[in-house]
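In: pasting a predicted model and its sequence here:
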Amino acid sequence: MMECETVTVTIKVGVTRTTLARHRGSVIESMRSSPTPLSKNDSVVWMRSLISGLLGEVFNKRIEGALVCVIPELEGSVCRAWKMSTGGDLRLFDPACAPFTLDYRPPGALGRDRSAAIWGALDRFGAALGKAFMVADFGTHTVTTVWHEGCVLGGSIAPGLALQRKSVGGGRVILVPGREGKEGRKKLDRFHDKRGFGQSTSESIEAGVVLGSVAAVEGLRRRVERELGQPVSLVLTGGFACRLSSLFSQGVFCNRQLVHYGAWKFLSCS
């Protein structure tokens, strides 16, 4: 068991982005992120640079780390980079150590990031979640995972906001320059004033992508509640989570870094 003020590191390698979190005790005190490389070529150098930037004065000291990776071919190079940088071994997140079971076919097919997010939600919000909750991870993909009385039942996977936006019209929709910017395109960065109807092509796409994603998650939540016959709390995580939280019709729990907190719990309990 780790001491409460021990420095540890958790690493999440996602489809498009990789994040490293430096924990002191249960608190994330700093983070680094970078696009995930398309191949494992030069990935050791890439990861060593991220580790060095994150650890600062404790770089090259033996510290504990956990890895949640959704790209299997990068696991080896990330672990080698960690070994070269700290002299220690990087632990691969293992859902079997979590305080819940998996009702998934096969159990090992459930993404480690999804199990880590569930564990992170239990750590951050605990009994307030009730007997059932759904984690909605708004990242490259919009992924929901359902927990019910100590068991992960499964969930859903759909394209994330950015992927949806790029797919409209096969990526060939031409927007009129003006309010939307020099090239007629806006970034997904203004969520608080979204309306159910857009009054330009750009606004219509934003309404469909942003509010459509919110409505999809709310609809899945209602369906799960009917199937389980009880209320289901909703927990948001991922890059867009905090900016989307105010658009939900019911109260939600929100923490962008649940995967990292779940990985930290894995380290602290192992």
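Out: Sure thing, it's come through.

In: in what helix or strand does the nearest residue to residue 233 once chain neighbours are set aside lie?
Out: Leaving aside its chain neighbours, residue 233 sits nearest to residue 133 (3.9 Å; criterion: CB to CB, 6 or more residues apart in numbering). In this view, the C-beta of every residue, glycine as well, is placed from N, C-alpha and C. Taking DSSP states H and E as the definition, one finds residue 133 inside strand 132-138.

In: state the mean pLDDT of that strand.
Out: Model confidence over strand 132-138 averages 98 on the pLDDT scale.

In: now stretch 16-32
Out: Summarised as a single mean, pLDDT over stretch 16-32 is 95.

In: buried residues in that stretch?
Out: Residues of stretch 16-32 classed as buried under the neighbour-count rule (16 or more other CB atoms under 10 Å) are 18, 19, 20, 21, 22, 23, 28, 32.

In: would you map the strands across the protein?
Out: Listed from the start of the chain, the chain has strands (DSSP state E) covering 7-13, 17-24, 27-35, 64-69, 90-92, 101-102, 132-138, 141-148, 151-159, 233-237, 253-254.

In: direction included, what does the third one pair against?
Out: According to DSSP bridges, strand 27-35 forms sheet pairs with strand 17-24 (antiparallel).

In: may I have the strand it pairs with as PDB, with CA atoms only?
Out: Presented in PDB, the C-alpha positions along strand 17-24 are these (Å, rounded to 0.1, in the frame of the first residue of the first chain):
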ATOM      1  CA  ARG A  17      -4.200  11.500 -27.500                       C
ATOM      2  CA  THR A  18      -2.000  10.400 -24.600                       C
ATOM      3  CA  THR A  19      -2.000  11.900 -21.200                       C
ATOM      4  CA  LEU A  20       0.300  11.500 -18.200                       C
ATOM      5  CA  ALA A  21      -0.800  12.500 -14.700                       C
ATOM      6  CA  ARG A  22       1.500  13.000 -11.700                       C
ATOM      7  CA  HIS A  23      -0.200  12.200  -8.400                       C
ATOM      8  CA  ARG A  24       0.800  13.200  -4.900                       C
END
